[in-house]
Each structure stands twice: as structure tokens, then as C-alpha cells.
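Trainee: Everything below, folded, please.
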Amino acid sequence: MVGPAFLTVPFLFGVSIPGTSTPFGILIALVSWQLLLQRPVSIPRRFGNIQLAPAAIEKVKNKSLPWIIRMERKIKPRWEFCFTSSFLRQCHIGIMMVSGVLLTAPVPVPLTNSFPAYAVLFLSLGTLERDGLLVLAGHTFFVISILYFGLIGWVGIEGITTLWASIF
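Mentor: Below you'll find the model as predicted:
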């Protein structure tokens with residue numbers, strides 16, 4: 001579960017590295033799929049060999065480390081009912097997978113990477129640490145993601161319809 005959480009870091013602080021959302025989203029979806037099927041997690045070699053610029057890695061590390069330290073102090077086991085069945089665990093992982101797929105969408109609109117990334121981060125860490133409050137936060141960010149993408153789609157369709165009607 002640490003893998004998907006780690007892969008969200010570039011999208012959490014507004015320091016997203018251009019061109020990373022699609023490969024990272026694919027990796028999150030692939031890892032989540034393997035967790036969903038209860039298989040050992042592995043990634044394709046071509047993704048494992050991706051190299052990022054040292055300056056980009058340093059920037060992400062400097063922005064994320066203080067936040068990770070603060071978050072680690074607050075995470076604790078609570079709301080155990082969120083983990084009482086394997087079905088609930090599968091639901092959490094399935095939502096992480098769908099959020100990874102949402103990250104792959106090349107939508108040039110602010111927050112389209114952040115909302116699904118927070119969903120993956122909170123679901124992943126919440127499941128790993130058995131923190132039901134984090135899992136609830138993850139589900140909330142997933143719902144926000146779906147609503148936000150729906151709004152973007154609706155505005156796009158309305159815009160195209162209006163443009164089409166004004167031309168013809």
C-alpha cells in the first residue's frame with residue numbers, strides 16, 4: 001500500500017512535474033489492480049527504469065517531507081469497522097485504482113490531479129495503518145474527484161453545444 005501513496009507525492013503540493021500524471025496514474029492503477037487480485041505487486045520494467053531529474057526529485061522531497069512528518073504524528077488505528085471485511089478492503093483498493101485511472105486523464109484544468117491523488121494517498125495510508133478517518137477522507141476526495149470531472153465534462157459539452165449552435 002505504500003507504493004500508491006508514494007506515487008501521489010508529485011501531485012499533492014502544486015509542484016506537479018509535466019508529463020508525470022499519465023505514467024504515475026497507470027502505475028497506481030496497475031499496483032491497485034494487483035492488490036485487488038491479491039497478487040504480489042510488480043511493475044513493468046519500462047516504468048521501473050524511468051528517471052526523473054535530480055532537481056525535480058529534490059523539489060518534491062523538500063516540499064513533501066515536512067508534511068509527511070506532521071501527518072505521521074496524526075495517523076493511528078481508529079474506526080476499525082472500516083476494515084472488518086475483505087469486501088470493504090477491496091472497495092478501498094478499487095477506488096484507489098479508479099483514482100489512478102483518473103490521474104491518467106490529460107485534462108489541463110487545475111486540481112484534476114490533486115483530488116484523485118489525495119484519494120489514493122488517504123485510502124492507501126488509511127488502509128495500511130487501519131485508520132478509518134483517513135479512509136473516509138480518501139472516499140470523500142474520490143467523490144469530489146468524480147463530481148469535479150463530471151463538472152468539467154458538463155461545462156465542456158455545454159461549451160461545444162453552444163459553439164456548435166452559434167456556428168450553424
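Trainee: Can you give me the neighbour number for residue 144?
Mentor: Number of residues near residue 144 (other C-beta atoms under 10 Å) recorded here: 16. For the C-beta atoms, the positions are set from N, CA and C on the backbone; glycine is no exception.
Trainee: An error on my part: the question was meant for residue 23.
Mentor: Residues contacting residue 23 under the criterion other C-beta under 10 Å number 15.
Trainee: Which positions in the helix or strand that it is a member of come out as buried?
Mentor: Secondary structure assignment for residue 23, by DSSP states H and E: helix 21-36. Within helix 21-36, the residues that count as buried by 16 or more other C-beta atoms under 10 Å are 21, 24-36.
Trainee: May I see the residues you listed organised as JSON lines, with distance to residue 92 added?
Mentor: Formatted as JSON lines, the buried residues of helix 21-36 follow (distance: C-beta to C-beta, whole Å):
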{"residue": "21", "distance to residue 92": "22"}
{"residue": "24", "distance to residue 92": "19"}
{"residue": "25", "distance to residue 92": "18"}
{"residue": "26", "distance to residue 92": "20"}
{"residue": "27", "distance to residue 92": "18"}
{"residue": "28", "distance to residue 92": "13"}
{"residue": "29", "distance to residue 92": "15"}
{"residue": "30", "distance to residue 92": "17"}
{"residue": "31", "distance to residue 92": "14"}
{"residue": "32", "distance to residue 92": "10"}
{"residue": "33", "distance to residue 92": "14"}
{"residue": "34", "distance to residue 92": "15"}
{"residue": "35", "distance to residue 92": "10"}
{"residue": "36", "distance to residue 92": "10"}
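Trainee: That'll do, ta.
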